[in-house]
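1. Next one to model:
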Amino acid sequence: MLLTRWGKNLSETPLSEYPRPQFVRESYLSLNGKWGLAFSKEKSINRNFEFEIIVPFSPEAPLSKVGRTLENDEYLIYKKVFEIEKGFNKGRVFINFGAVDQIAEVYLNGSFIGCHHGGYTPFSFEITDFIKQGENILNVIAEDKCEENEYSRGKQKTNRGGIWYTKQSGIWQSVWLESTPKEYIKSFRITPDFDNEQVSFEFENAEGVEILIYDGGELIADTTDKTIKIPNFKAWSPESPFLYDVVFKFGKDRVKSYFGMRKFSVGNDENGIPRLFLNNEPYFHNGLLDQGYYPDGFLTPPSNEALENDVKTMKECGFNMLRKHIKIEPLLWYHYCDKHGIIVWQDMINGGGKYGLEVSAIPFLNINLNDSDYKRFSRTNEEARALYYKELKEMIDALYNCPCIAMWVPFNEGWGQFDSNKAYEIIKQWDKTRLVDSASGWHDQGESDVISKHIYFTPIKVKAGERPWVLSEFGGYGYKLEGHTFSDKMFGYRIYKSEKSLTKAYKKLYEKVIIPQIKTGLSGTVYTEVSDVEDELNGLMTYDREVLKIDKEVLQEINSRVHY
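-> Below you'll find the model as predicted:
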């Protein structure tokens, strides 16, 4: 079993730091740690619990201490006994789940609280009428069919291997309680307006909220106005990731957040070439594909320090962007990108039925298929298509206030793709501040902010068009380091036998192919990838994050030349 250094020193209450840095209250009770668990063909919560599991790790993940896979005809039944101290309840109490894969039913003290469909998005329920001072019993019933129900599943597959990873189930992000006054702020949106030197605030259920904005420790605004001018503001960028702190006061409710003044857009450079823009200037997005998997926690990081380590290491190597690939991370990961200055392209989670060869391979022949053909794209389940839009909205709502996010990617390589032009229009209605790569890699239906290409095997030839041309996946150079692998198998697009040969090939790729084509139209790159994942050994880091396969100074020097 391959463990990270964080997994080797796992806390009794892992990932128990406050999990929502964009929406902070002082009231907080983590429920991470030891829970009871049962695998059952029945949904009953009145039962024996034969396993002890460490939440928030899935039972399939080594750090859960369970080591058993949920079968498709089984349910996971969880039990957590916890106590509420006197004074915790300030009027209302809510239970929050970072993510439960795929369907979750929640019970408190024997009463049904609510149900959530979708394995990657956060959700919460009010439990004021069901919780009591002293001992409480929380039960969660989780159901996960993986690929059988066409729900979103990402890179998980029942029969893992190659670019597909181990299936996992149930609770895989933090569970926690908070209490609010009876009158409280349910949600808000922060929208920076770079061109007009102002920032706007929208509150879902509260009027007359007092807004206090801080530049460091200096209070620069205290008002109930929803649009606030910030003359001569400090802009956010990877080179200077400045964040303004903000406090919201509504009656007795107090919430802390932050924002960055930045603008993502497209435009033409001085030579008329379409480019990605940051803060009204052409800005090259030099990034990596980031799967967000760990050998000991799988989708769940072994600690928040591990989350931050990935962000900091890639920034130190000279990259300015990460494409979060078919996964939604805990909110702290986006905070680390905000804080350290990493632009994020955020993928939506793919679903649908089994991917046919014609959908996944025919674009290599430069043929785009019509993605309204649900049968061809294995998207015949109407309920699953409706759930896709529900989860898409939940993702955008959850991540809207993260300054780092520049691009939404609703579909990747035809996996579960359908009606991508419609998805583009819907996203633009929900979020006017960011770009959209509608069909990353191929099956471009015409509505997208970029020309998006995945090229691993054929020559990379950039041809500038009416949209910025981005190489949204490439590279994938593999190198196996003994003692740092998940298994004896190896998948890579090109295989190298030593650090020296890998480094030589990587340098040649950037110096002969990537850098020369920037001036002719290349506007962004996504090298595959941050770290190895299971059999896939394409990472700049090993799966356990112990070895950087190419010297950091070499990467820094190359990346210093990857710009307009």
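
2. Which residues belonging to stretch 462-477 are considered buried?
-> 462, 464, 467-477 (16 or more other CB atoms under 10 Å). Where C-beta positions appear, they are placed from N, C-alpha and C, glycine not excepted.

3. actually stretch 19-29, not the one I typed
-> By neighbour count on 16+ other CB under 10 Å, the buried set for stretch 19-29 is P19, R20, P21, Q22, F23, V24, R25, S27, Y28, L29.

4. coming back round to it: now, the most widely separated pair of the buried residues of stretch 462-477?
-> R467 and Y477 (27.9 Å; CB to CB).

5. Looking at the buried residues of stretch 462-477, which are in strands?
-> With DSSP state E as the criterion, strands contain W469, V470, L471, S472, E473, F474, G475, Y477 from among those.

6. Go ahead and confirm the first one touches K453.
-> Meaning W469. Yes - counting by CB atoms under 8 Å, W469 touches K453, with 7.3 Å between them.

7. Now the nearest residue to T380 once chain neighbours are set aside: which helix or strand?
-> Closest residue to T380 apart from its sequence neighbours, by CB to CB, 6 or more residues apart in numbering: Y374 at 5.1 Å. Following DSSP states H and E, there is no helix or strand that holds Y374.

8. Using PDB, list the CA coordinates for the longest helix anywhere in the chain.
-> Longest helix in the chain, counting residues (DSSP state H): helix 382-399. C-alpha atoms of helix 382-399 as PDB (Å, rounded to 0.1, in the frame of the first residue of the first chain):
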ATOM      1  CA  GLU A 382     -33.500  11.800 -19.000                       C
ATOM      2  CA  GLU A 383     -33.300  11.800 -15.200                       C
ATOM      3  CA  ALA A 384     -29.500  11.800 -15.400                       C
ATOM      4  CA  ARG A 385     -29.400  14.600 -18.000                       C
ATOM      5  CA  ALA A 386     -31.700  16.700 -15.700                       C
ATOM      6  CA  LEU A 387     -29.400  15.900 -12.700                       C
ATOM      7  CA  TYR A 388     -26.400  17.100 -14.800                       C
ATOM      8  CA  TYR A 389     -27.800  20.600 -14.900                       C
ATOM      9  CA  LYS A 390     -28.800  20.500 -11.200                       C
ATOM     10  CA  GLU A 391     -25.200  19.600 -10.300                       C
ATOM     11  CA  LEU A 392     -23.800  22.100 -12.700                       C
ATOM     12  CA  LYS A 393     -25.700  24.900 -11.000                       C
ATOM     13  CA  GLU A 394     -24.700  23.600  -7.600                       C
ATOM     14  CA  MET A 395     -21.000  23.600  -8.700                       C
ATOM     15  CA  ILE A 396     -21.200  27.100 -10.000                       C
ATOM     16  CA  ASP A 397     -23.100  28.400  -7.000                       C
ATOM     17  CA  ALA A 398     -20.600  26.800  -4.600                       C
ATOM     18  CA  LEU A 399     -17.500  28.100  -6.400                       C
END
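
9. That helix - contacts with which helices or strands?
-> Counting by 3 or more CB pairs under 8 Å, 6 or more residues apart in numbering; DSSP states H and E, the packing neighbours recorded for helix 382-399 are helix 331-340, helix 420-430.
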